[in-house]
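# below are the sequence and a predicted model; questions follow.
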Amino acid sequence: MIIRPAKNILGALRLPGDKSISHRYAMLAAIAEGTTRLANFSTGADCANTVACVQQLGCAVRKNQDGTIEIEGRERLQPPETSLDCGNSGSTMRMLPGILAGQDFACDLHGDESLTRRPMGRIITPLRLMGAEISAAAGDRPPLHIRGAKLHAIEYTTPIASAQVKSAVLFAGLFAEGETAVEEPHRTRDHTEQALRAFGVELSRSKNRVTVRGHQKLKAIEAAVPGDISSAAFFLCAAALFPGSNLVIESVLLNPTRASLLDVMKILGARLSVINLEEHHGELVGTIKVEYGKLTGTTIAGAQSVALIDELPVLAAIGPYTRDGIEIRDAKELRVKESDRIALVAKNLRAMGAECEEREDGLRVPGNQKLHGAEIDSGGDHRIAMAFAVAALRAEGQSVIHGAESAKISFPEFFEMLESVVER
Ligand code: S3P
């Protein structure tokens, strides 16, 4: 994909449904009583993998002409005939096992080359503690083999802050005898808690601890999935780079555990406003308007790094265009995402002529730098491809994004939508 420099970002967008919420709604629909009907479901390949897995587990799925998707829940899932293909999707591979752990059959899950490199010990440990048989082929890497069992509740403190791990344990908690509690070191996205409530499950939260009682009945829902804020991040950052920008993004997810990007952009100096706030199934949704403001600089660390984990690549990629630069700390998890995102961000910034310091747990990107167009290596990672498409908009000369098709993992429409708001 070739990206030429831009002059401005202008227009209005509405984005496909949030990836995190789409995964959770599809998984819970599978075990709920009745038919769940979802509008604006994520168009990404990751969520399509979750839906295909749910189908393989015996749930009828219908894609309607009006773009909605219907999933029929089942009292008992069926053993799949073949291994469940999670593709590139860490969320499918880490969250679905929470449900599979409570079934009365065994099955396998596998993924693509990138997913096969990602650690699964983080879900294997708690699910074993709950009574499931679960093993990985090589150390703690996929493929996974799971044999469901009668589960018992545990009280689990996650060693790393991970919404996926929290979700796997809470999902397994639905099938366990007793009350399952998960405590996390930093608060992670709470879509699982909101989704469980939407499907009729009672749970309680106190600070960073969530508790769910087993054997509660889930009831199907009708919902419109809010626009994905992690996809919106690319456009918000792009718009903030040009003095004449004016961009509106409608119906975006604004759940406080996901919307830290807006705080950071305000700290940086972008002019942002939010209107039409509404709540749907516990999720805040609203319209964001962004305009240019001279970008200063900031450090992102601790709980903020956890909250912004998927937005860090694009924030680092615009770091050179800020006055004082962007520093990212406490983000070691970036090294075990779809790619080693710290290494790839550093490599691509350097390819564009920027200075940056790569650290074990983050990066320091000095500000006030001029970048030139370059050959970008996305490493097959959707967020790297999209982050550098944004950086390329303000570089001198054109850039080539290699592996740009990886955008389809979360946001197949990205490049087309970007072109629709770029003024040259
Ligand atoms: C996700 C949680 C995050 C995030 C991923 C989606 C989720 O991963 O990076 O893209 O939907 O729960 P971790 O839970 O591993 O931090």
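Received, thanks.
# buried stuff in stretch 257-271?
257-262, 264-265, 268-270 (16 or more other C-beta atoms under 10 Å). (C-beta placed from N, C-alpha, C; glycine too.)
# which helix or strand in the chain has the lowest average pLDDT?
strand 133-138 (a mean of 92; mean pLDDT, DSSP states H and E).
# mind listing what that one pairs with, with the direction of each?
Take DSSP bridges as the rule and strand 133-138 pairs in its sheet with strand 141-147 (antiparallel).
# what does the following helix or strand past the strand it pairs with contact?
Next along the chain after strand 141-147, taking DSSP states H and E as the criterion, comes strand 151-152. Residues outside strand 151-152 that contact it (C-beta atoms under 8 Å, 6 or more residues apart in numbering): 101-102, 130-132, 172-173, 175-178, 214.
# note down every partner strand of strand 151-152 and its orientation.
For strand 151-152, the pairing partners within the sheet under DSSP bridges are strand 176-177 (parallel).
# could you pull up the mean pLDDT of the partner strand?
Averaging pLDDT along strand 176-177 yields 98.
# which other residues reach that strand?
Outside strand 176-177, the residues that touch it by C-beta under 8 Å, 6+ apart are 102, 130-131, 150-154, 214-215.
# same deal with stretch 46-60?
Residues from elsewhere that reach stretch 46-60, judged by C-beta under 8 Å, 6+ apart: 19, 22-23, 26-27, 29-30, 41, 61, 69, 71-74, 77-78, 80-82, 84-89, 91-92, 96, 109, 409-410.
# buried ones in it?
Across stretch 46-60, burial judged by 16+ other C-beta under 10 Å covers 46-54, 56-57, 59.
# again, but for stretch 345-354
If you call a residue buried by 16+ other C-beta under 10 Å, then stretch 345-354 has these buried ones: 345-349, 351-352, 354.
# now, the residues you listed that are in helices?
345-349, 351 (DSSP state H).
# count of residues packed around whichever residue of the stretch 1-150 of the chain sits closest to the ligand?
Closest residue of the stretch 1-150 of the chain to the ligand, C-beta to the nearest ligand atom: residue 20 (3.3 Å). When counting by other C-beta atoms under 10 Å, one arrives at 29 neighbours for residue 20.
# show me what contacts it?
Residue 20 neighbours (C-beta under 8 Å, 6+ apart): 91, 163, 189, 191, 258.
# from those residues, which are also near the ligand?
Contacts with the ligand within the contacts of residue 20, counted by C-beta under 6 Å from any ligand atom: 91, 163, 189.
# what is the burial count for the second one?
Residue 163: 25 surrounding residues under other C-beta under 10 Å.
# hang on, isn't it packed against residue 187?
No - counting by C-beta atoms under 8 Å, residue 163 sits too far from residue 187 to count as a contact (9.4 Å).
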